[in-house]
Each structure stands twice: as structure tokens, then as C-alpha cells.
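**Student:** I'd like to go over a predicted model; first the sequence, then the structure.
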Amino acid sequence: MNSIVELKNINKKIRDEEILKDINISVKKGEFISIIGPSGSGKSSLLYIVGLLDKPSSGQVFVEGEAIDFNNPQKIAHLRNLKFGFIFQFHYLISEFSLLENVMVPMLKAGKSKEEAKERAYFLLEKLGLKGKEKRKPFQISGGEQQRVAIARALTNEPIVLIADEPTGNLDSKNTAIVMEIFCKLHLEGKTVIMVTHEIELTEKTERVIKMLDGMIIEEIELEKKKC
Amino acid sequence: MKHIIFVTLKLLFERKRQTIVAIAGVSIGVGAFIAMASLMNGFQKYFIEQALDLNAHITLKVKDEADKGKILKKVYGENIHFQVYGAKPKELKDKIVDYKFLIAKYERDNQIIGIAPHLTGQGIVKYGTIDKSASLIGIDPALERKASVIDKFIANRKLDSLITDRESIIIGKLLARDLGIDEAGKKVIITTPNGVTHLFKVVDFFDSGITMLDQTRIYMNLKTLQTILNKPNEVNEIIFKIKDVYRANELAERISKETGYYTESWQKAFRNFLQLFKIQNYITYMIVFAILIVSAFGIFNIIMMTVLEKKRDIAILKALGYENGDIIKIFVFHGITIGFFGAIIGCVIGYAIQEFLASVNVGIEGLVRTKGFALDRSPVYFIYGVLFAFCFATFASFYPSYKASKLNPVDIFRSSA
């Protein structure tokens, strides 16, 4: 199977401190990968480079086989909009916007009409169990629901990879289970998911676990498939 | 572009309080600009119009011969430096002897509409026990009509009485008031500097609206004034009314060269006032500029605060694919929208203030005398107001927008993790 995202010899330095050292990862379509490691091991930094939010100090990133030119910010922004869906520990929903509008934001950037964006936003919110709450503001719903809206927003432009940076870090066990179930469903639908987590038990749902320490990948474990 | 408009309008409408404050700032600035500009320029235009109506576009006078060193220069030459002390005043020879010839000559000039002779002098006017000093102006009513719009300022339009009754005068309205004359038909005594005393009948009142003139002027027949001043067939001024008032300087110079007499354009005659207006305009525009700068700072602060408060939202927008240019556009559009609504509301405020000022009925008696405010309600001030608001709003929003576009989303995500 061809890689949809590939990192070759990635190094990242911030103020003389090497936070990623010679990272090589290949992400195949439909994979569910988890990245684990202690705080400061470089998990999030790696994820930001995978999602083209940050540029490496050296090394190359390939998306669907094409080498990324980090000196072309417009192209990078375009790829982020269409190819990647981001979910963070904090939901980062815009407080002034309704849930529906929050979900519409990436689609409008992608050039979809308002009606088209609205229709898809309704569909995704319903799919994630938020039907009837579309007009509410983020502060009017629970933390678990906020994270589900963030997942809906990440899915809007049918990205090739969902990038989740500790998506359950702020959630209680019940909502953690709900979010993981959603990731599992998406994975089963063929979506590629890369998730950074602290919680070892969550990695059991994934197919591949990448362990990091001090900016390096120290171990890659292939798990039994279809645990979702 | 729709994603820019969508995000901007949502931010504007959902942050109502800040948006209203910013719009109010711009509106007040624009409204104040329109009101002040129309008030100041209205007053100045009114004054200039009145002055142009009342005074000659060009006045021809006898050259001032009071050069106290003339004889010394003749004797010792031009290169010596001297100062004359204690020179005794002597009567100036200020008559224009060839005035009839000059009038006939310039009546044919196609740049000149009207030309009229004046004899001016000083006198004391007495009514009952009250006496006042006055400027006596002897005119030829028929020629005067062509060279000025004097009829406009004669309360009961009885200028022709000066022809039919040579013992009649038209007296300034404020001078009449000061003397206690409240109706036509009253008799006054005028005494001239050469000691002649003459009885005149007040037939009408001169009401120009310019205090300085209404308080001093007395019009009478030219022949009568020549008689009482003992200056038969003399005049000391010729006034010209010209087609293009803004070419008065140029034409005055030409007439001076051709006749050898001193000429004075209306701009020169009113240079003190015109200079004063210039200073007044500088002050007005500085105040308005300060108001607009404060409004611009209001917009700057509000957008800067929005950028600082919305750092995480800017970061997520970038993560979702919004480019730096999109972020700049969102916040500049934010400023422009504030500027647009501020300008529209400012125009309404400006119009309302104009309406209010126009309706105020106050007796103003100063440099000019009006019953209300003289306003210049030109649409140009509205256009300028809108343009200023737009420019200031765009300018004020650009820096915060640029700062917003330079935010690194990774730094924001790291700091809020």
C-alpha cells in the first residue's frame, strides 16, 4: 500500500534544542496510528510537522507522494484545508460562532457555497450525535460535545488524514469512550487517523503504536488489526 | 472571499458592544467634521459673499503721497539713510479729477460689468442729543446699481430717493439704532470736518449684516456730498464690478498700470479676514483631525484587542487552512466595515446637526450679523467625511491585521496545551 504521508529524516530544532531527531515515518491509507511518550518527547511537534502546521529544520515531508515545499505558505495552507483534519486537546471552537458555523468555516475556505457547507455541517453534526444543537454556541454544550463538534469540523473537507493531538486529554472517561468510538468508526470507514495520547489503554484501539522519547522514535509496534 | 466576509461579519455582529463603540467613535468624528466644516465654511462664505456684494471687486484710489522723505531723497539722492521725526500732517490730495473719462473708458472693457464713482468722507451725525461719527459715502445711484448690489441691502428699496430728494440719506441700520432712529422720515444733522452743518432726512436703512458697515455707513447723493465737503466735481474712489471675482488681483494690477492710480482688489482689502479664515480653517481641521485620530485609535485598540483575545481562533483558522492573507483581509475588512457604518451614521449625525443649526434662531452680532448660523451644506463635506473615515479605519486596522497574520499557530497551541 502506498504512503499518503511520509516523513524522511526529519529533524526539528527550537533555539539550539533538538526536539525531533532523524524521524522516519510512513503513514498508509486507512491506518489508525497512535503516538505515545512522556511529556517533552516530541509527540506534538511530530504531529504538527505531519499536519504541515510546522516546518522541519531538515528532512522532507511527502503528502500523497508529493514533496512539500515549506517555503510556499499558500500551497501549505491549501493542503491543510483539504487534506488534513485537526483535533486538539482543547476544542478551539470559535466562541462567537454557533456549532453549525464552526463546522462550516473550513468548507467556506475550500470554496463551497454557504448552502452546501450548511448542509454538510448539519449532516456531520447529526452523525456525531449533535442533532438539534446546531444553533447553540460552544459554551452552551458539554466538553464531550465540544470535542465532537471539533471532530465534525475536522471531517468537513473529507481529509486524507485526521490528526488528533491528545483529543481526550480534557475529557472524562465517558466522553473519552465516546470520542474513541468515533475514531474507531471513522477508521472502519477507511479514514486515516494519527493520534497522540498519554493514555496507554487508548493505543489498544489503534493498529500501530509509535513510542517516542527525547525526540526520537524508540519503538514501533504493529498491533492486531480491527480492534475497534 | 465569502469565507472572509462570513468570519468578519460574525465577529462584528457577535461582539456587538465593541463594534458599537468603534462605530460610534467614527460616527462622532465624521459628524463633527461635517458640522464643523459646514459651519466654518458657511460663515466664511457668507462673509465673503456679503463683502463682495457690499464692497467693490476693485477699488481705484489716489496714490498715497505721504512719503515723508521725498524731499530729502530729492536733495541727497536715494543712497542715504534717514529718519524723519515730527512731520506735520497735511491734507492729502486725494481727488480723482479725470473720473468721468476713466468711467467712460472702462465701461467698454468686457471684463468689467459696472463702474461707479464714490466720494467718501467723515462726519458727525446728530439726532436729538445723541451724536455718532459716520462714514459718508456719496454715490450716483444709477451707476452704483451697476457696480454693486446695494439695492439688496436697502431695507425699503428707496435708493432712488437719493436722486429725487438730494437732502435725503440712507443710514446704516445699527447706526440708526444707536442714534435712536426707529423709522424713516426722521431728520438728522450731519457736520463735516470743514465745519459745514446740514439737515438730512433719513429715507431708508442700510442693512448688510456686517456689523462694522451697518454701524458706520451713510449713503447720500454724490453731488450733495461734494457740496457739503466743498469738493465740487471731485471723487476719491472708483469702484469696479468684474465678471470673474477671482481675477480681481490681476485686473487691479492692469488698471493701476494703465491709469497710474492705486488699485485694491477685494482680496487685498480683506486680506486680514482671509488670513484669519485661513488660520480658522487650520484650527478647525486640526480639531477634526484630532477627533478622527482618536476614532482611528479606537478602531486600532478594538481590533488589536480582538486580535489578542482571538489568538487561539486565529491559530485554529490557520490550522484549518486560512492563509496569512486571509487573516489580514478578515481584520482589515473588520476595520473597513466599522469605517463604512461609522461614515454612514456620521453622515446622518452631520446632517442632523446641520438641520439643528439651521433651525436655531439666534441673533448673532459680531463680525457679521445673522439671525441664525450661516451654513455651507455642500455634499463635498459628506464625501470628505466618508473618505476620511474609510482611510483612517483601513489605516488603523492594518497593523493589528498584519500582527494577526504573523501569529504562529504552533506557538499558540503549545502555550495553551
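**Tutor:** Received it, and whenever you're ready, just let me know what you need.

**Student:** Is there contact, residue-wise, from the helix or strand where A:Val103 lies to chain B?
**Tutor:** For A:Val103, the host element (DSSP states H and E) is helix A:99-109. Yes: judged by Cβ under 8 Å from any Cβ of the partner chain, helix A:99-109 comes into contact with chain B at A:101, A:104-106, A:108-109. All C-beta spots, glycine's among them, are computed from the backbone N, C-alpha and C.

**Student:** Around chain B, which positions in chain A sit nearby?
**Tutor:** Residues of chain A lying near chain B by Cβ under 8 Å from any Cβ: A:44, A:48, A:51, A:53-54, A:73-74, A:77-82, A:86, A:88-90, A:92, A:94-97, A:101, A:104-106, A:108-110, A:113-114, A:153, A:157, A:165-166.

**Student:** from what I can see B:Lys403 touches B:Met305, true?
**Tutor:** No: contact criterion Cβ atoms under 8 Å: B:Lys403 and B:Met305 do not qualify, at 11.9 Å.

**Student:** Looking only at neighbour counts, state which of those two leads.
**Tutor:** B:Lys403 (17 against 13; other Cβ atoms under 10 Å in any protein chain shown).

**Student:** Quick check: closest non-adjacent residue to the residue of the stretch 201-350 of chain B found nearest chain A.
**Tutor:** Residue of the stretch 201-350 of chain B nearest chain A, by Cβ to the nearest Cβ: B:Gly321 (2.3 Å). Closest residue to B:Gly321 apart from its sequence neighbours, by Cβ to Cβ, 6 or more residues apart in numbering or on different chains: A:Asn81 at 2.3 Å.

**Student:** A:Ala110: neighbouring residues, count only.
**Tutor:** Neighbour count for A:Ala110, taken as other Cβ under 10 Å: 18.

**Student:** The one 5 residues further on now?
**Tutor:** By the measure other Cβ under 10 Å, the count of residues near A:Glu115 is 8.

**Student:** so it is in which element?
**Tutor:** Here A:Glu115 sits within helix A:114-127, counting by DSSP H and E.

**Student:** how about that helix: buried residues?
**Tutor:** A:117-118, A:120-122, A:124-125, A:127 (16 or more other Cβ atoms under 10 Å in any protein chain shown).

**Student:** Repeat that for stretch B:39-55.
**Tutor:** Quick answer for stretch B:39-55 (16+ other Cβ under 10 Å): B:39-48, B:50-55.

**Student:** And for stretch B:229-238?
**Tutor:** For stretch B:229-238, by 16+ other Cβ under 10 Å, it's B:229, B:231, B:234-238.

**Student:** Show the average pLDDT along it.
**Tutor:** In this model, stretch B:229-238 has a mean pLDDT of 89.

**Student:** Put the alpha carbons of it into PDB.
**Tutor:** The C-alpha trace of stretch B:229-238 is given here as PDB (Å, rounded to 0.1, in the frame of the first residue of the first chain):
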ATOM      1  CA  LEU B 229     -17.400 118.700   1.700                       C
ATOM      2  CA  ASN B 230     -16.700 121.600  -0.600                       C
ATOM      3  CA  LYS B 231     -15.200 119.300  -3.200                       C
ATOM      4  CA  PRO B 232     -17.100 120.100  -6.400                       C
ATOM      5  CA  ASN B 233     -16.700 117.600  -9.200                       C
ATOM      6  CA  GLU B 234     -14.300 115.500  -7.100                       C
ATOM      7  CA  VAL B 235     -14.400 111.900  -6.300                       C
ATOM      8  CA  ASN B 236     -11.800 109.900  -4.400                       C
ATOM      9  CA  GLU B 237     -12.700 106.400  -5.300                       C
ATOM     10  CA  ILE B 238     -14.000 104.500  -8.300                       C
END
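
**Student:** Now do the contacts for B:Gly128.
**Tutor:** Contacts for B:Gly128 (Cβ atoms under 8 Å, 6 or more residues apart in numbering or on different chains) come out as B:179-180.
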